[in-house]
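Enquirer: Just a sequence and a predicted model for now, questions to come.
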Amino acid sequence: MTFTIWHRRHCLKACIVAAAVVLLMSTAYAADFGVADVPTIVSTYRQNSVRFKRDFVGKTFSAILRFDSASEHFWGSLTAAFDGGNVICLSITGDTTKIADWNQGDHIKVDGTVYDVTLGALQLKPCALYK
């Protein structure tokens, strides 16, 4: 069975369409903000909390950050601090047992949703953590 020019063109078109779909799917899940945006987010909150809500709350954040600490609250929820306390994760999802094995300074992938700013720290809620 020989491939004709017609077959080659259609195969090439199908490959291009498949590659475009994969590219669109991968970019569709890119986070809205990263570590470089933290100063702008905090500054906006301090200057105009209404603009902060409009521009940042509910949008996604993703970065690899330096782990500082974790604490368990009386009601059982965990909080984790990163990058010198500049980013705080609330309502941590997934398997949280692994956090007990982390050491200060470990690099952790942080995916979360912008929730608030408190005492100059960006708060993400919910938040997923990966080592």
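Expert: Okay, I see it.
Enquirer: Domain map for the protein?
Expert: Here the domain parsing of the chain from automatic domain parsing is 1-30, 35-130.
Enquirer: These: lowest mean pLDDT?
Expert: Sorting the domains of the chain by mean pLDDT places domain 1-30 lowest, at a mean of 46.
Enquirer: how about the strands in the chain?
Expert: For the chain, the strands defined by DSSP state E cover 60-72, 78-82, 87-89, 92-93, 107-118, 121-130.
Enquirer: CSV for the ones you listed, including mean neighbour count and distance to residue 52?
Expert: C-beta here means a position set from N, CA and C on the backbone, and glycine is covered the same way. CSV is the format used below for the strands of the chain (neighbours: other C-beta atoms under 10 Å; distance: least, C-beta to C-beta, whole Å):
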stretch, mean neighbour count, distance to residue 52
strand 60-72, 16, 14
strand 78-82, 21, 20
strand 87-89, 25, 16
strand 92-93, 17, 23
strand 107-118, 18, 7
strand 121-130, 19, 10
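Enquirer: can you tell which of those is closest to residue 53?
Expert: strand 107-118 (9.4 Å; C-beta to C-beta).
Enquirer: What strands line up against that closest one, and which way round?
Expert: In the sheet, strand 107-118 lines up against strand 60-72 (antiparallel), strand 121-130 (antiparallel) (DSSP bridges).
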